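Student: Requesting a structural model of the entry that follows:
(2 chains)
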Amino acid sequence: NAGVTQTPKFQVLKTGQSMTLQCAQDMNHEYMSWYRQDPGMGLRLIHYSVGAGITDQGEVPNGYNVSRSTTEDFPLRLLSAAPSQTSVYFCASRRGQGGAYEQYFGPGTRLTVT
Amino acid sequence: GNSVTQMEGPVTLSEEAFLTINCTYTATGYPSLFWYVQYPGEGLQLLLKATKADDKGSNKGFEATYRKETTSFHLEKGSVQVSDSAVYFCALDNGQNFVFGPGTRLSVLP
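Tutor: Residues are numbered from 1 along each chain as shown, chains lettered A, B, ... in the order given. From the prediction side, this is the model:
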């Protein structure tokens, strides 16, 4: 199993540009989520999905869109990048909600918006 | 709401020293509690977990006990190694989503 994979590993954008961060998992997990990691703030939930076709907002959803057309893939879209979106982004998956299911994290995407 | 508070560090220790990283939480009900570790340039990986009061999670010499009366889940290790240098995150699962603390950076010097 590859686990959770993310691409790209690094990205530099100019303000106003758009891009999609890719996330895929091969563990047949229903629950997937996107976090951003900023210094001193831990991980903050952006969006999550409890299954194909179902998504919901987390703590900091503004400026980001998601979709879940398959169980395996959960892309994160930045429609118009802003410097405040400079961060490290992590995708995670787990078997389900609750039940003490652990989350499995991808290696992260470091995004810089200039 | 749900929240996790942990000592932010950085924490610097000599090899073989005793480690404690404090974690307290606020939550409705009885969440599951986790410690995750992040090595430089990597994603987070599960270190240990506990699902109910008085449970003790343990892994790689690290331990943490779920204390309902003090709403705490402190991480301990009796003798740290240089290879334990990393950022440690305390987290709770409220049944819907995870809530993470800010992370504690640990540096272990030889």
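Student: and whichever residue of chain A sits closest to chain B, how many residues sit next to it?
Tutor: Of all residues in chain A, residue A:105 sits closest to chain B, with a separation of 3.7 Å (CB to the nearest CB). Where C-beta positions appear, they are placed from N, C-alpha and C, glycine not excepted. A total of 23 residues lie near residue A:105 under the criterion other CB atoms under 10 Å in any protein chain shown.
Student: The closest residue to it other than its chain neighbours and residue A:35, how far apart?
Tutor: The shortest distance from residue A:105 to any residue other than its chain neighbours is 3.7 Å, reached at residue B:43 (CB to CB, 6 or more residues apart in numbering or on different chains). As for residue B:43, its distance to residue A:35 is 10 Å (criterion: CB to CB, to the nearest Å).
Student: Please, which helix or strand holds the residue most central in space within chain A?
Tutor: Nearest to the mean C-alpha position of chain A, by CA atoms, centre = their mean, lies residue A:34 at 2.7 Å. Under DSSP states H and E, the secondary-structure element containing residue A:34 is strand A:31-37.
Student: Residues contacting that strand, please?
Tutor: Contacting residues not belonging to strand A:31-37 are listed as A:21, A:23, A:25, A:43-51, A:58, A:60, A:64, A:66, A:68, A:74, A:76, A:85, A:87-97, A:101, A:103, A:108, B:97-98, B:100 [CB atoms under 8 Å, 6 or more residues apart in numbering or on different chains].
Student: buried subset of those residues?
Tutor: Taking 16 or more other CB atoms under 10 Å in any protein chain shown as the criterion, what is buried in the contacts of strand A:31-37 is A:21, A:23, A:25, A:43-50, A:58, A:60, A:64, A:66, A:68, A:74, A:76, A:85, A:87, A:89-94, A:97, A:101, A:103, A:108, B:97-98, B:100.
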